[in-house]
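Chemist: sequence plus the predicted model coming up.
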Amino acid sequence: GRWGSDQFDNLEKHTQWGIEFLERYTKFVKERSEIELSYAKQIRNLSKKYQLKKNSKEEEEFKYTTCRAFLITLNELNDYAGQHEVIAENLSTQIIAELTRYTQELKAERKSHFHDGRRAQQHIENSWKQLESSKRRFERDCKEADRAQHYFDKMDADINVTKADVEKAKQQAQMRHQIAEDSKNEYLTYLQKFNKDQHEHYYTLIPHIFQRIQEMEERRVGRVRESMRVYTEVEHKVLPIVSKCLDGMTKAAESIEPKMDSKQVVESYKSGFEPPGDVEFEDYSVSMKRAVSESSFLNARGENRRRSRSKLWPLLKRNKVRHQTTPTEATNKQIKEQKTMILKRGGTGQEDYSHLPPEQRRKKLQAKLNDINKDIHKEMDQRDALTKMKDVYIKNPHLGDPDSIDPRLEEITQSLEKLQLENVKVNLVCFTYCMSSAHSPDGSYTEDPSTETTMQFKSRSTEFDDEFDEEEPLPTIGTCKALYPFEGQNEGTISMAEGEMLYVIEEDKGDGWTRVRRNEDEEGYVPTSYIKLFLDTNAKGAMTYI
């Protein structure tokens, strides 16, 4: 219905309260947005604080499922913080900015409506004043006309008054009557005007102004309703993503495997050392028994070390060289020179992993060889692809310039040379490590083996050669072609010329070496990356175990 026409002042107060409420609600949403933003920042900082630091001890810890799950939780927490930033941003853009702009528009609209209302009130008040003024004038003029008429009647009845005085009184009375008549007409005019203005004021102007104020107020209330709806919708929209973040944290927790972590501890700290053999009883009362006891101790330790060596590295299986039954002092000197050369070429304790126990060192060297071989294969694939592209350009010059590929080919060639050099370097470390474990009492890498160790190595060499002499020749499982020349100066390796064809008797077991045979009695290992294999799928070669 229509609002009461007499409530102008009350409406002015109410609409002012409405604007203040709108500003208060806007301030509330703004503070909520600031809280969300601050919370998101704190959560992000928390996630960042506990993130994995590169090149730190913590990086090694993330091989455990608990640490990996914690890392996933931190990442999900970071995404979770992002959703609170989305809430803050949407509150700011969809509510705060809109309400701030709307409040300014509302103030201007309200000011306009009440200005029109005050102008209408002023107009009706002026019209009423004009009516009252004309009414008072009419009343005064009527009284003046009555007095003039009484004076004329008095003068006309008095016989002592001259005719001129009577005529003068008569004219004065007539003039006053005319003035009163004019005042009456003016009063009637203002009365009609006021009644018209009053009718228009109360039935047209004021109701129209009140209607616009009512519509303005309803729009304000509607805007508050919409803002409150958006306020909840903003949070509803991020709930699915927040739920996904929480699901991710749950899955991370469920991915934790206690047994796998305990197994990882074993793998991390497993040394590969064999337990020492039983100590023989030494009877000092009989010197011969003592000598026998010492011999038995050395033989027992030698047997244990031989078994340990075969577990540490597949290269420990020496190739069959029938013409050499015992290693000479030159061989030991060569091994020492190779180790010295590796160290001089930059092989620090950290690079060749000599500071690690045998089992851990084997794993590190194996992983390094695998990485180098992967890089070599990758570069070779790129080289083959570029070579094919160059051939296409040569045959079809309109497709491209063949010479433009040469710089890239040169880069790949240089990269391959570096990788192959690194491959040889790591393989030398592996080979030297295997040989050093043959004369190191505990199977670990020793920088300068003592004379006693060298003697122990010599004492077992014949034993090892006899062990291999008893084996039957391994069957061939395919052939290979040498892609690069290999000198094969180290014990256990075999030289080959570029393009030479050899028989393959044992595949690469992941250590970067392939066992080959030339003729019937010349066998040895060559780098796998130096050859191209042509394996017979039906043949079964020798098996080695790490």
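Modeler: Structure received.
Chemist: how many neighbours does residue 505 have?
Modeler: Neighbours of residue 505 under the rule other Cβ atoms under 10 Å: 20. No exception for glycine: its C-beta is placed from N, CA and C like everyone else's.
Chemist: do the same with the one 10 residues further on
Modeler: Residues near residue 515, counting by other Cβ under 10 Å, number 26.
Chemist: what's the answer for residue 67, then?
Modeler: The burial count for residue 67: 17, using other Cβ under 10 Å.
Chemist: any idea of the mean pLDDT in the strand or helix carrying it?
Modeler: Here residue 67 sits within helix 65-91, counting by DSSP states H and E. The pLDDT scores in helix 65-91 average 95.
Chemist: and that helix, what does it pack against?
Modeler: Contacts defined by 3 or more Cβ pairs under 8 Å, 6 or more residues apart in numbering; DSSP states H and E place helix 65-91 against helix 8-49, helix 206-254, helix 258-269.
Chemist: ok, 10 Å please
Modeler: Based on contacts counted as 3 or more Cβ pairs under 10 Å, 6 or more residues apart in numbering; DSSP states H and E, the elements that helix 65-91 packs against are helix 8-49, helix 57-61, helix 206-254, helix 258-269.
Chemist: quick check: mean pLDDT of the shortest one?
Modeler: This points to helix 57-61. 66.
Chemist: nearest to residue 160, of the helices and strands packed on helix 65-91?
Modeler: Among the helices and strands packed on helix 65-91, helix 206-254 comes nearest to residue 160, with 64.3 Å by Cβ to Cβ.
Chemist: low-confidence stretches in the stretch 51-200 of the chain?
Modeler: 54-59 (pLDDT under 70).
Chemist: coming back round to it: show me what counts as buried in the helix holding residue 67.
Modeler: Buried residues in helix 65-91, counting neighbours by 16 or more other Cβ atoms under 10 Å, are found at 65-78, 80-88, 90-91.
Chemist: hang on, the earlier thing: comparing the helices and strands packed on helix 65-91, which yields the minimum mean pLDDT?
Modeler: Minimum mean pLDDT among those: helix 57-61, a mean of 66.
Chemist: run through who's touching stretch 175-185.
Modeler: 134-149, 151-152 (Cβ atoms under 10 Å, 6 or more residues apart in numbering).
Chemist: can you rerun that using 8 Å?
Modeler: Stretch 175-185 is contacted by residues 134, 137, 138, 140, 141, 142, 144, 145, 147, 148, 149 when judged by Cβ atoms under 8 Å, 6 or more residues apart in numbering.
Chemist: tell me which residues of it come out buried.
Modeler: 176, 177, 179, 180, 183, 184.
Chemist: can you pull the contacts of the residue positioned nearest the centre of the chain?
Modeler: With distances taken as Cα atoms, centre = their mean, residue 75 lies nearest the centre of the chain, 7.1 Å away. Residues in contact with residue 75 (Cβ under 8 Å, 6+ apart) are 47, 248.
Chemist: and it, how far from residue 69?
Modeler: Residue 75 sits 11 Å away from residue 69, going by Cβ to Cβ, to the nearest Å.
Chemist: do the same with residue 530
Modeler: To residue 69, residue 530 is 43 Å away according to Cβ to Cβ.
Chemist: go on, residue 241?
Modeler: 20 Å.
Chemist: and residue 192, by the same measure?
Modeler: 92 Å.
Chemist: now swap in residue 283 and tell me
Modeler: 60 Å.
Chemist: between helix 65-91 and the biggest helix by length in the chain, find me the angle.
Modeler: When the chain is parsed with DSSP state H, its longest helix is helix 97-157. Inter-element angle recorded for helix 97-157 and helix 65-91: 20 degrees (by axes from the mean of the first three to the mean of the last three Cα atoms, to 10 degrees).
Chemist: please name every helix or strand in contact with helix 97-157.
Modeler: Using 3+ Cβ pairs under 8 Å, 6+ apart: helix 97-157 touches helix 8-49, helix 163-200, helix 206-254.
Chemist: make CSV from these and add distance to residue 413 to it.
Modeler: Below are those laid out as CSV (distance: least, Cβ to Cβ, whole Å):
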stretch, distance to residue 413
helix 8-49, 44
helix 163-200, 100
helix 206-254, 46
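Chemist: so which of those helices is nearest residue 111?
Modeler: helix 8-49 (10.1 Å).
Chemist: all helices for the stretch 351-500 of the chain, in order.
Modeler: 358-395, 406-438, 451-469 (DSSP state H, counting those that start in this stretch).
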